[in-house]
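**Student:** Compute the structure for the input listed below.
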Amino acid sequence: MKAGVIVFPGSNCDRDLAVAFERAGAQVSMIWHKDTDLPGDLDIVGVPGGFSFGDYLRCGAIAAQSPITRSLIRHTERGGYVIGICNGFQVLTETGILPGALMRNSNLKFICKPIELQVEKADCAFTSGYELGQKITVPVAHHDGNYTVTAEKLTQLRDEGRIAFTYVDNPNGSTGDIAGVVSKNRRVLGMMPHPERAVDVNHGGTDGVAMFRSLVDSVVAA
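**Tutor:** Numbering: from 1, shown residues only. As a prediction, this is how the structure comes out:
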């Protein structure tokens with residue numbers, strides 16, 4: 001599997017994401033946000049966490065205007081896989097690739113700690129390495145992680161089976177306790193917690209390993 005990781009000014013989890021892909025067996029290339037085209041042979045694109053452009057306006061809003069995002073949108077329209085984590089999730093909502101918006105945490109404080117998630121979907125490429133209802137521990141590190149959708153959209157996401165992860169103990173006020181959602185074709189995942197920070201026992205946990213391994217296995221088998 002060939003993966004690309006987009007790098008914006010202020011990205012600080014790009015290397016972590018690249019390492020997670022590599023440990024799962026993928027070949028990884030780093031892509032600068034001013035590039036106009038993604039490499040044509042990519043299977044999956046990772047949009048990493050961090051503080052793109054310093055988050056001086058609205059998280060992910062400036063990054064969504066970068067030249068590379070037009071190619072990212074085309075990649076999703078062709079059915080390519082994408083994972084957006086934390087600030088990357090914000091970029092995916094700002095581009096309209098995923099629904100909703102990421103707002104300021106309900107307690108108005110930056111949150112940085114391991115947190116428990118429940119697997120709500122175990123039948124897509126990102127989650128097939130887990131059991132439905134399984135509890136996993138993944139770090140969070142965000143100030144604007146309050147995933148917000150209308151009541152109508154929440155019902156739609158539930159009916160369509162697009163909620164991938166929920167918080168066991170909601171830390172930020174997200175609608176429906178949502179921690180991660182997938183696109184209609186199940187090939188785009190946006191999530192606020194950081195699975196790429198949970199792939200090494202020396203970093204405190206390995207519950208993110210199954211995500212990257214199942215993703216590589218699913219893409220290779222497709």
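**Student:** which other helices and strands contact the longest helix along the chain?
**Tutor:** If you go by DSSP state H, the chain has its longest helix at helix 209-221. Packed against helix 209-221 by the contact rule (3 or more CB pairs under 8 Å, 6 or more residues apart in numbering; DSSP states H and E) you find helix 14-23, strand 81-85. No exception for glycine: its C-beta is placed from N, CA and C like everyone else's.
**Student:** List the residues that contact the nearest residue to Lys109 once chain neighbours are set aside.
**Tutor:** In this structure, Lys109 finds its nearest non-sequential neighbour in His143, 7.5 Å apart by CB to CB, 6 or more residues apart in numbering. The contact partners of His143, by CB atoms under 8 Å, 6 or more residues apart in numbering, come to Arg104, Asn105, Lys109, Phe110, Ile111.
**Student:** do the same with Thr69
**Tutor:** His33, Ala63, Val91, Thr95.
**Student:** quick one: which of those sit in helices?
**Tutor:** Val91.
**Student:** circling back to that earlier point, of the contacts of His143, which is the most crowded?
**Tutor:** Most neighbours among the contacts of His143, by other CB atoms under 10 Å: Asn105, with 19 neighbours.
**Student:** Distance from the chain centre to the longest helix of the chain, please.
**Tutor:** Here the centre of helix 209-221 is set off from its chain's centre by 15 Å, with CA atoms, centre = their mean, to the nearest Å.
**Student:** same check, this time on stretch 148-158
**Tutor:** 19 Å.
**Student:** Could you list the buried residues of that stretch?
**Tutor:** Thr148, Val149, Leu154, Leu157 (16 or more other CB atoms under 10 Å).
**Student:** Throw those residues into TSV and include distance to Asn172, secondary structure and pLDDT, thanks.
**Tutor:** Below are these laid out as TSV (distance: CB to CB, whole Å; DSSP: H, G, I helix; E, B strand; the rest coil; pLDDT from 0 to 100):
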residue	distance to Asn172	secondary structure	pLDDT
Thr148	10	strand	97
Val149	14	coil	97
Leu154	16	helix	98
Leu157	17	helix	98
